[in-house]
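# got a sequence here, can you build the structure:
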Amino acid sequence: MLYYQTVCLEYAAGEILDKFLAAGWYRIGQSLITTDLITQDEILVPVFWLRLRLSTYQPSRSARRIRRRCAHLQTKILPFAITPEIEALYARYRESIPHTITPSVHEYLLDAEWNNAFDSRRIEVRCADRLVAAGYFDIGARCSTGILHIYEPSLPRLSLGKLLYLEELDFSLSQKYDYYYPGYLSPCVSKFDYKLFADPDATEVFLRPLQRWVPYKSVAHKLSRWADRVTAVMHRYRPP
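Model (predicted):
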């Protein structure tokens, strides 16, 4: 198992990004990282990297409900930019969540740099002229990956974070990409479960020991049992 690996590239787009994503890597700031473990409540818990196979993707009932609920909103996919309006929305979003994230979108995406090594796009979702959600995703040659989703915390009923996810999927389908990579899932941490909502049947999970992607549903029960065993060991040797 890997705890954490990272690489920094001057250019991380096109087929280079495809290759890293297919091997279970993901963008953090201006780096690419991979891991099989994260820290949760002061212990290590296992995580598993996911992707959606777009050739078989069919929006779930939940996805269709969100589309109907948000039909009055205007959505645009635009070139990469970090605007003052998005930074203001990020500040409100940051104050509403229980975990810690970087102070700004600029720091989240670019670290202390001004150049972006990735080929990124931004999504803006508006209600009339008001910005209510925004997101960033990266594109490769044959795939895409979601990076940051923020939304107006006063509008939880609209599921705006999931709407951004669906917009990225629709863009990827329009470009005839093969896969969309949403990040990782952990059977031990329920806050990551939303990454399955769009279509569990089209979701694949990366098995690092085999260097293979397999259908998530075919191994979900095994992943949960294995995660329980790992977590039990971590609890046993947790420092007092």
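
# now do stretch 191-198, average pLDDT.
Stretch 191-198 carries an average pLDDT of 92.

# got a pLDDT number for the most centrally placed residue in the chain?
Ranked by distance to the mean C-alpha position of the chain (Cα atoms, centre = their mean), the top residue is Pro182 at 3.6 Å. What the model reports for Pro182 is a pLDDT of 97.

# what's the answer for Pro239, then?
For Pro239, the predicted pLDDT is 55.

# ok, Ser96 next?
On pLDDT, Ser96 comes in at 92.

# can you list phi and psi of it for me?
The phi/psi pair for Ser96 (degrees, to the nearest 10) reads phi -90, psi -10.

# and Trp25, how many neighbours does it have?
23 (other Cβ atoms under 10 Å). Where you see a C-beta, it was placed from the backbone N, CA and C, and this is true even at glycine.

# so what's Ala227 closest to, chain neighbours aside?
Closest residue in space to Ala227, ignoring its immediate chain neighbours: Pro187 at 4.1 Å, by Cβ to Cβ, 6 or more residues apart in numbering.

# what mean pLDDT does stretch 54-67 get?
So the average pLDDT for stretch 54-67 ends up being 97.

# on the strand side of things, show who the residue nearest to Gln74 when sequence neighbours are not counted bridges to.
Using Cβ to Cβ, 6+ apart and skipping residues adjacent in sequence, the residue nearest Gln74 is Arg126, 4.8 Å away. In this entry, Arg126 is beta-bridged to Gln74, Leu131, by DSSP bridges.
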